[in-house]
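> mind folding the following:
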Amino acid sequence: MERRSFHDEQSRNKRDSVLLAIVVSAVLLALIVSISYMFDPSSVYFMVPVGIMFTGIYTWSSYQYGDRVVLMSTNAQPAEGSRYIYLNDTVEGLAIAAGIPKPDVYVMPSGELNAYATGKNPENASIAVTQGLLDTLDRQELEGVIAHEMSHIRNRDVQFMTLVAVLVGVAGILSNMILRSYWYGGRSRKRDKDSGNLGIIIVAVGFLLAILAPIVTRLVQLAVSRRREFLADASAAEMTRYPDGLADALEKLGQHNRGDMKVSESVSHLFISDPNRTALDAIYSTHPPIEERVKRLREM
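Below is the predicted model of the structure:
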């Protein structure tokens, strides 16, 4: 694996975030234009500037508040009170070791063993863990998992991965709107006939994007997540000086989890282990195989 400094990885993630925002914003604009044309061709000239304004505002708000959306979607609650003193102390100690501010800490009410990090930058980040993780892992294993998530924050993975989660979600919503409009008569047959070549092209492109968007976004999540998971594993081992802690934790995750957290696919790539298991995981899983991750950690 090519070795890069953390500064190189941070710079790469910043660049990737900008490119992702541009590409997804272009897709969102195309979907908006297609939807407006299917209902009323004369509204396209009005909807183009409105669409540009909408995608700009949405992209900015995704960057600013996307982590709040992710936390709410996973029913994460603040880790407050004496029950979570050790968890907060662990997060604070590893944040000092990573040289970043202490993230906000949340707990998800699930018996599965899982965790994720989210936020727009190291100064505004959060770590969420499941109650099952706290109840099952020992001290060294928990430190390994927290260090993994802390590495995502330090490397600025969270900025890019949170943008992926929120932008992918709205692309899916618009895609569904187009498909429903097409099948349930968003445009009349007469309007189709009179619309001309441009209208046919607009509708065809929108329909094609609506079909491909879920597939493409899943592939984006796959490419984004797999490389970053290996990097975060290595960074966690460096931070704790004990690779076996994270390796043992991952083995427990693989043995215990049933993959039925019912988490939206748009945020599944944020987790340390895929929270949803399907028959297509061998091809489209956003996470590298746990066995391979454990093997690499044992060899460190």
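> is it fair to say Ser110 lies in a strand?
No: looking at Ser110 with DSSP: H, G, I helix; E, B strand; the rest coil, it is coil, so not inside a strand.
> what pLDDT is listed against the closest residue to it other than its chain neighbours?
Closest residue in space to Ser110, ignoring its immediate chain neighbours: Thr130 at 4.4 Å, by Cβ to Cβ, 6 or more residues apart in numbering. Backbone N, C-alpha and C define where each C-beta goes, glycine included. Thr130 is assigned a predicted lDDT (pLDDT) of 96.
> before we move on, what about Ala26?
Note on Ala26: pLDDT of 74.
> where's it, which helix or strand?
Per DSSP states H and E: Ala26 is located in helix 6-39.
> repeat for Ser62
Counting by DSSP H and E, Ser62 is found in helix 44-73.
> just the strands from the stretch 101-250 of the chain, written as ranges.
104-108, 115-121, 124-130 (DSSP state E, counting those that start in this stretch).
> rebuild those as TSV, extending it with distance to Ser25 and mean neighbour count.
Shown next, in TSV, are the strands of the stretch 101-250 of the chain (distance: least, Cβ to Cβ, whole Å; neighbours: other Cβ atoms under 10 Å):
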stretch	distance to Ser25	mean neighbour count
strand 104-108	28	21
strand 115-121	17	25
strand 124-130	22	25
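> count of neighbours near Arg139?
10 (other Cβ atoms under 10 Å).
> wait, Gly132
19.
> run through the stretch 151-300 of the chain and note the low-pLDDT ranges.
165-171, 174, 177-203, 205-206, 209, 213-214, 216-218, 220-225, 278-286 (pLDDT under 70).
> that one: helices as residue ranges?
157-183, 189-194, 196-240, 243-256, 281-284, 290-298 (DSSP state H, counting those that start in this stretch).
> I figured the residue nearest to Ser110 hits Tyr106, correct?
No: when contacts are counted by Cβ atoms under 8 Å, Thr130 is not listed as touching Tyr106 (10.1 Å).
> tilt between the helix holding Ser62 and strand 104-108?
Orientation check (axes from the mean of the first three to the mean of the last three Cα atoms, to 10 degrees): helix 44-73 against strand 104-108 gives 80 degrees.
> looking at the strands of the stretch 101-250 of the chain, which one has the lowest mean pLDDT?
strand 115-121 (a mean of 91).
> show me what it is packed against.
helix 44-73, strand 124-130, helix 139-154, helix 157-183 (3 or more Cβ pairs under 8 Å, 6 or more residues apart in numbering; DSSP states H and E).
> helices or strands next to the shortest one in the packing?
So that's strand 124-130. Using 3+ Cβ pairs under 8 Å, 6+ apart: strand 124-130 touches helix 44-73, strand 104-108, strand 115-121, helix 139-154.
> closest one to Ala210 among those?
For the helices and strands packed on strand 124-130, the distance to Ala210 is smallest for helix 44-73, at 15.4 Å, taking Cβ to Cβ.
> give me the mean pLDDT for that closest one.
Here the average pLDDT along helix 44-73 is 77.
> shift numbering so it begins at 799
Okay, using 799 as the starting number, the last item reads as helix 842-871.
> now the angle from it to strand 913-919?
Using the same axes, to 10 degrees: helix 842-871 against strand 913-919 is 130 degrees.
> could you point out which element follows helix 842-871?
strand 875-876.
> between whatever helix or strand comes next after that following strand and strand 922-928, how big is the angle?
Going down the chain from strand 875-876, the next helix or strand is helix 883-896, by DSSP H and E. Helix 883-896 and strand 922-928 are oriented at 140 degrees to each other (the same axes, to 10 degrees).
> how far off helix 937-952 does helix 883-896 point, in degrees?
Using the same axes, to 10 degrees: helix 883-896 against helix 937-952 is 50 degrees.
> list the buried residues in helix 883-896.
Under the neighbour-count criterion of 16 or more other Cβ atoms under 10 Å, helix 883-896 has Leu885, Thr888, Val889, Leu892, Ala893, Ala895, Ala896 buried.
> can you redo those as CSV with distance to Arg1096?
Shown next, in CSV, are the buried residues of helix 883-896 (distance: Cβ to Cβ, whole Å):
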residue, distance to Arg1096
Leu885, 26
Thr888, 23
Val889, 26
Leu892, 21
Ala893, 27
Ala895, 22
Ala896, 23
